[in-house]
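Enquirer: Take this sequence and fold it.
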Amino acid sequence: MLQPLCQSWIGAECPFAVRRLLLTVNSTCTACHGFTSVMSEQDIDAVVGLRWNDNISVVTITLITYDYILLLEKEIKYVWKRPWTPMSCLYLVVRYLGLVLALLWGCWGGLLYMPESACYNLAVFMEWGYSAYSCIAEGILIWRLYAIYNCSKLLLRVLLGLLFPVVVVTIAADVFLYSRPEVFSVQEIITANAKYCTFFFKEGPLPVTYMSIPMVCYDILLVILAAAKFVKHLKERKKINVRPNRYIFIIVRLHTLCFVLNLINQIFLVLIWAGISIPMMNISELINDTVPYILVPRLTISIWDTHAYSECVYVSKMFEDCGCLASPLALEEYEMSSGIGSESRMGSSFL
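Expert: Below you'll find the predicted structure:
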């Protein structure tokens, strides 16, 4: 039964499962001997890489498109049909920059054929775009902290001042790691059975590890500030026997999830530079090319969606103009006089 199976794959694309089959029956199947003589090990690796690239590309495009369709109704409701705020502008940037980058990553490589020069330029653009996306996502986290810290100008200046060197290091990393062909390059693989582009890393994982430390440390700082505010908030609410505010909890959860997400992305990025196997590299790319672009917009819009189903103190105002979170004293007076817990009573134009 193995002979007809092997004969049917002679001169055709060899999927990963058939490659493993060849290793087990090579000594018994004469047709497989002929197959291995036609295709070298390099050819087999190229076909396996192309098959993985195509599968990951299809999954990436499917996930991003499906997520966009699911979130479009809420986006129209909370963004396009209301006056724009700084937060809604940041949301639109991460939403559509992430959408473009994810679709480009899905088409890059072998799903759509591109010449080597175009592949290299597009890869550099996408790496720079991911860095810009990460910095804008940090801006969203800063704006949330600014809101829950009662619009502290001092905190905002300090966080923006600390973000500046992080941005500088990120730009330096893109210049050093991705904008120099002697460090990062793209090669067009052409065989009798496959033709696609793949990238090559000519440096070890240490440079990208060192250059990711500032961003990780900055995320740790944001998480600590959010957690400290939440602990203080819990103590204050416990003294007056009022339930914690759900929006502060959501913002703290947002900071924690973004920190974990960024840490995972940095780990996978280091693994990619370490020269791992083709399956592991493609799985790492799938996570890095989809998860950030899906979760950040969803976590951002989740607060608006929660507020839409809550009874706000300022019932006569839209969510974008709601001043509950920016006016904590008025909120406390309302709660103490009405006896209504603050769990469903807080929002802000900064959210």
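Enquirer: roughly how far apart are the nearest residue to Phe184 once chain neighbours are set aside and Ile240?
Expert: Closest residue in space to Phe184, ignoring its immediate chain neighbours: Tyr178 at 4.9 Å, by CB to CB, 6 or more residues apart in numbering. Any C-beta I mention is one placed from the backbone N, CA and C, and that applies to glycine too. Taking CB to CB, to the nearest Å as the measure, Tyr178 falls 53 Å from Ile240.
Enquirer: cool, and Leu234?
Expert: 12 Å.
Enquirer: what does Ala228 give?
Expert: 20 Å.
Enquirer: swap in Cys89?
Expert: 36 Å.
Enquirer: Where does Glu188 sit: helix, strand or coil?
Expert: strand (DSSP: H, G, I helix; E, B strand; the rest coil).
Enquirer: Would you mind listing the residues in contact with the closest residue to it other than its chain neighbours?
Expert: Among residues not flanking Glu188 along the chain, Glu116 sits closest, at 4.2 Å (CB to CB, 6+ apart). Going by CB atoms under 8 Å, 6 or more residues apart in numbering, Glu116 touches Val186, Gln187, Glu188, Cys197.
Enquirer: rewinding a little: who's more crowded, Leu234 and Ile240?
Expert: Leu234 (15 against 10; other CB atoms under 10 Å).
Enquirer: gap between that one and Arg243?
Expert: 10 Å.
Enquirer: cool, Glu182 as well?
Expert: For Glu182 relative to Arg243 (CB to CB), the value is 59 Å.
Enquirer: the more surrounded of these two?
Expert: Arg243 (15 against 7).
Enquirer: any weak-confidence spans in this structure?
Expert: Where the chain drops to pLDDT under 70, the residues are 1-46, 109-112, 191-195, 307-351.
Enquirer: Now do the strands in it.
Expert: Assigned by DSSP state E, the chain shows strands spanning 184-190, 195-201.
Enquirer: Identify whichever of those strands lies nearest to Ile171.
Expert: Set against Ile171 and scored by CB to CB, those come closest in strand 184-190, at 15.3 Å.
Enquirer: ok, Leu257 touching Leu295?
Expert: Yes. Assessed by CB atoms under 8 Å, Leu257 is found in contact with Leu295 at 7.0 Å.
Enquirer: and these two? which has more neighbours close in?
Expert: Leu295 (17 against 14).
Enquirer: Please report how far that one lies from Val169.
Expert: Distance from Leu295 to Val169, by CB to CB: 24 Å.
Enquirer: Over to Leu90?
Expert: 22 Å.
Enquirer: just the helices in the stretch 201-350 of the chain please.
Expert: 206-239, 246-273, 278-308, 328-338 (DSSP state H, counting those that start in this stretch).
Enquirer: Buried residues of the third one, list them for me.
Expert: Think helix 278-308. By neighbour count on 16 or more other CB atoms under 10 Å, the buried set for helix 278-308 is 278, 281-286, 288-297, 299-301, 303-304, 307.
Enquirer: now the angle from that helix to helix 246-273?
Expert: 170 degrees (axes from the mean of the first three to the mean of the last three CA atoms, to 10 degrees).
Enquirer: can you give me how far helix 278-308 is from the chain middle?
Expert: Centre-to-centre, helix 278-308 and its host chain are 5 Å apart (CA atoms, centre = their mean, to the nearest Å).
Enquirer: just the longest one next, same as before
Expert: How far helix 206-239 lies from its chain's middle: 19 Å, per CA atoms, centre = their mean.
Enquirer: and it, what does it pack onto?
Expert: helix 116-148, helix 153-173, helix 246-273 (3 or more CB pairs under 8 Å, 6 or more residues apart in numbering; DSSP states H and E).
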